[in-house]
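A.B. asks: Predicted model follows, preceded by the sequence.
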Amino acid sequence: MFKIDKEDFVFEVTEELSCYEEIGREGAEKWAEGFEKWCIEKRNKADSISLKDESEIFDIADEYLEAVEEGKISEYWKSFSL
């Protein structure tokens, strides 16, 4: 388990997402906006994020890609957790 600064976490996930042709930079920014909304709704004001390991960042990106492809972005955010 390790902690990553929230800003660095968002950067890492958006960088990974922007590599996907289906998502690109614009879609990655939409994820970042959705993440901020999720934090507000969950009242998550922490400055850092705890992750099991770095592969969790890739899993988050893969799950978002799947949600985009299936048109299930709102369901993605409903089930999103850290």
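C.D. replies: Structure's in. What do you need? Since we're looking at a predicted model, the values are computed, not measured.
A.B. asks: which one is Ser48 nearest to, not counting chain neighbours?
C.D. replies: In space, and not counting its chain neighbours, Ser48 is closest to Lys3: 4.5 Å by CB to CB, 6 or more residues apart in numbering. To be clear about C-beta, it is placed using only N, CA and C from the backbone, and glycine gets the same treatment.
A.B. asks: So what touches the longest helix along the chain?
C.D. replies: Longest helix in the chain, counting residues (DSSP state H): helix 24-41. Contacts with helix 24-41, where a contact means CB atoms under 8 Å, 6 or more residues apart in numbering, come from 10, 13-15, 17-18, 20, 23, 44-45, 64, 68, 73, 77, 80.
A.B. asks: now these: which count as buried?
C.D. replies: Val10, Val13, Thr14, Leu17, Ser18, Tyr20, Ile23, Tyr64, Val68, Trp77 (16 or more other CB atoms under 10 Å).
A.B. asks: Could you pull up the residues touching the third one?
C.D. replies: Contacts here follow CB under 8 Å, 6+ apart; on that basis Thr14 touches Ala28, Glu29, Trp31, Ala32.
A.B. asks: From Arg43, how far off is it?
C.D. replies: 23 Å (CB to CB, to the nearest Å).
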